[in-house]
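**Q** The following block contains a protein sequence and its predicted model.
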Amino acid sequence: MPDLDHPEGGGAWTLLQQRADHAMWQQEEPAPDGEVVSRFWIVNPPEALMYDTFDEAEAMFEALAND
C-alpha cells in the first residue's frame, strides 16, 4: 500500500478522503493578517498536488478514482 500521509508542511492537517492509492488532505495555516489559509492536497504517490479550492481538488480526486 502506498504512503498516503500528508505532505511536509506546517499548520493543521485534516484527511478529507482516502482510497487505496490516493488521498485528499486539507492544510490550514495562519496568515500574517490573522486569517487562515486553506489548501487542498491530493497525495497520489509519488506526486503531491496542491489546489486552492476544494472543488478543484475534489474533481482531481474523483478523476483519479475513475482511472
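**A** Noted; the coordinates are in hand. Quantities reported herein were computed from a predicted structural model and do not represent experimental measurements.
**Q** And the strands in the chain?
**A** Using DSSP state E, the strands of the chain run over residues 12-18, 23-30, 36-44, 47-51.
**Q** Tell me which strands the shortest one pairs with, and in which orientation.
**A** As defined by DSSP bridges, the strand partners of strand 47-51 come to strand 36-44 (antiparallel).
**Q** Excluding its own residues, what touches the strand it pairs with? List them.
**A** Outside strand 36-44, the residues that touch it by Cβ atoms under 8 Å, 6 or more residues apart in numbering are 4-7, 16, 21-31, 48-54, 56-58, 60-61, 64. Where you see a C-beta, it was placed from the backbone N, CA and C, and this is true even at glycine.
**Q** Next, the angle from that strand to strand 12-18.
**A** Strand 36-44 and strand 12-18 meet at an angle of 40 degrees, taking axes from the mean of the first three to the mean of the last three Cα atoms, to 10 degrees as the criterion.
**Q** Rounded mean pLDDT for strand 36-44, please.
**A** Across strand 36-44, the average pLDDT comes to 96.
**Q** what angle do it and strand 23-30 make?
**A** Using the same axes, to 10 degrees: strand 36-44 against strand 23-30 is 160 degrees.
**Q** Any buried residues in strand 36-44, and which?
**A** 39-44 (16 or more other Cβ atoms under 10 Å).
**Q** now, the most widely separated pair of those residues?
**A** Of all pairs drawn from those, the one with the longest distance (Cβ to Cβ) is 39 and 44, at 15.8 Å.
**Q** Now for residue 67, how many residues are close by?
**A** 7 (other Cβ atoms under 10 Å).
**Q** any idea of the pLDDT on it?
**A** pLDDT, residue 67: 73.
**Q** Now do the same contact list for the nearest residue to residue 18 once chain neighbours are set aside.
**A** Counting by Cβ to Cβ, 6 or more residues apart in numbering, residue 18 lies nearest to residue 4, which is 6.2 Å off, once chain neighbours are set aside. Residues near residue 4 by Cβ under 8 Å, 6+ apart: 18, 22-23, 43, 45.
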